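**Q** compute the structure for the input listed below.
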Amino acid sequence: MKKLILLALSLVASAGFAAEFPDISIADLKQAIAAKKVVVIDVNGAASYASGHIPGAVDFASKGADLASVLPADKGTLVVAYCGGPSCSAYKRAANKASELGYTNVKHLSAGISGWKKANESLEK
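**A** As a prediction, the model looks like this:
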């Protein structure tokens, strides 16, 4: 019985953590990019970033330690982090860093770069 209760509590805790950063759709992200109202952070690593990333995205591998230098002064600005796809959790490093810096509108593109490519969206190199 104790094991069942612990399992239930851990599931509730992990579900709450997963919801910490709300998801954003590809369509909504495209609108925000077009309106120049978002900072997008790629957390896939330097090699992946160089081979193609969401247009305008910042490479977390090269800017992570100094992320504040590429984020705007307005802490309410939309910040979107992404990594490989739905099962990738590396985005949390950038999302957590932005939150620690005081940004309050941090979201996650759960589709990741794989979903972006699958949707035939353009890449920037």
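**Q** which SS class is the residue nearest to the spatial centre of the chain?
**A** When the chain is reduced to its mean C-alpha position, the nearest residue by Cα atoms, centre = their mean turns out to be A81, at 1.7 Å. Taking DSSP: H, G, I helix; E, B strand; the rest coil as the rule, one finds A81 in the strand state.
**Q** hey, what's it bridged with?
**A** Beta-bridge partners recorded for A81 (DSSP bridges): I41, H108.
**Q** ok, it touching E20?
**A** No - the pair A81 / E20 is not scored as a contact, 11.7 Å apart, by Cβ atoms under 8 Å. Placement of C-beta: from N, CA and C, glycine included.
**Q** got any ranges where the protein has weak pLDDT?
**A** Low-confidence segments of the chain, defined by pLDDT under 70, span residues 1-19.
**Q** all helices of it, in order?
**A** Under the criterion DSSP state H, helices of the chain are mapped to 2-18, 26-34, 46-51, 60-63, 91-100, 112-118.
**Q** once you drop chain neighbours, what's closest to A50?
**A** Setting aside the residues directly before and after it, A50 is nearest to K125 in space (Cβ to Cβ, 6 or more residues apart in numbering), at 6.9 Å.
**Q** which residues does the one you found contact?
**A** K125 sits next to A50, S51, G52, H53 when contact means Cβ atoms under 8 Å, 6 or more residues apart in numbering.
**Q** can I get the buried ones among the residues you listed as something I can paste into PyMOL?
**A** Selecting only the buried entries of those in PyMOL, with 16 or more other Cβ atoms under 10 Å as the criterion:
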select buried, resi 52+53
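**Q** nice, that's everything, thank you.
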